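Colleague: just need the structure, nothing else, for what follows:
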Amino acid sequence: MTIYHDAADWLGRKCIFLGLEWRFTFYEFMDQQLFITKGFWKQTRTSYYLSAMKQVHIEQSFWQKIIQTGDVVITMTDGKTIVVENVKDSDELFDLISDGIGDIRMHANFMFNA
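Modeller: Modelled structure (predicted):
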């Protein structure tokens, strides 16, 4: 199973102690989708479409601020919550998702009002 793509807008791994990356949880954002791959012996890959995302925010504990990681918390339109846990460059992922949600809403409003 291919995890990383050259065309990805953002790549990340779950970090553990002192910001070291955990090898069995991968996050990838590309083509307006968030892919989460988990597992070693048995891998599970899940995709979430940007159009199904409603809200996004970042949560950072004191320790996460020190090691420069964060949790990106995404609320889906069906009420489900997705957490991209303890990743470096969480601000970059937040900006990609937030801007994408805004663009989709603006496009939907334009189409509805046209």
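Colleague: in the helix or strand hosting Phe94, which residues are buried?
Modeller: Here Phe94 sits within helix 90-113, counting by DSSP states H and E. Within helix 90-113, the residues that qualify as buried by neighbour count (16 or more other Cβ atoms under 10 Å) are Ser90, Leu93, Phe94, Leu96, Ile97, Ser98, Gly100, Ile101, Ile104. C-beta here means a position set from N, CA and C on the backbone, and glycine is covered the same way.
Colleague: how about those in JSON lines, adding distance to Gln33?
Modeller: Rendered in JSON lines, the data for the buried residues of helix 90-113 read as follows (distance: Cβ to Cβ, whole Å):
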{"residue": "Ser90", "distance to Gln33": "18"}
{"residue": "Leu93", "distance to Gln33": "13"}
{"residue": "Phe94", "distance to Gln33": "16"}
{"residue": "Leu96", "distance to Gln33": "11"}
{"residue": "Ile97", "distance to Gln33": "11"}
{"residue": "Ser98", "distance to Gln33": "16"}
{"residue": "Gly100", "distance to Gln33": "10"}
{"residue": "Ile101", "distance to Gln33": "13"}
{"residue": "Ile104", "distance to Gln33": "13"}
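Colleague: with those in mind, which one is nearest to Ile82?
Modeller: The shortest separation between Ile82 and any of these is 10.1 Å, and it belongs to Ile97 (by Cβ to Cβ).
Colleague: thanks a lot, catch you later.
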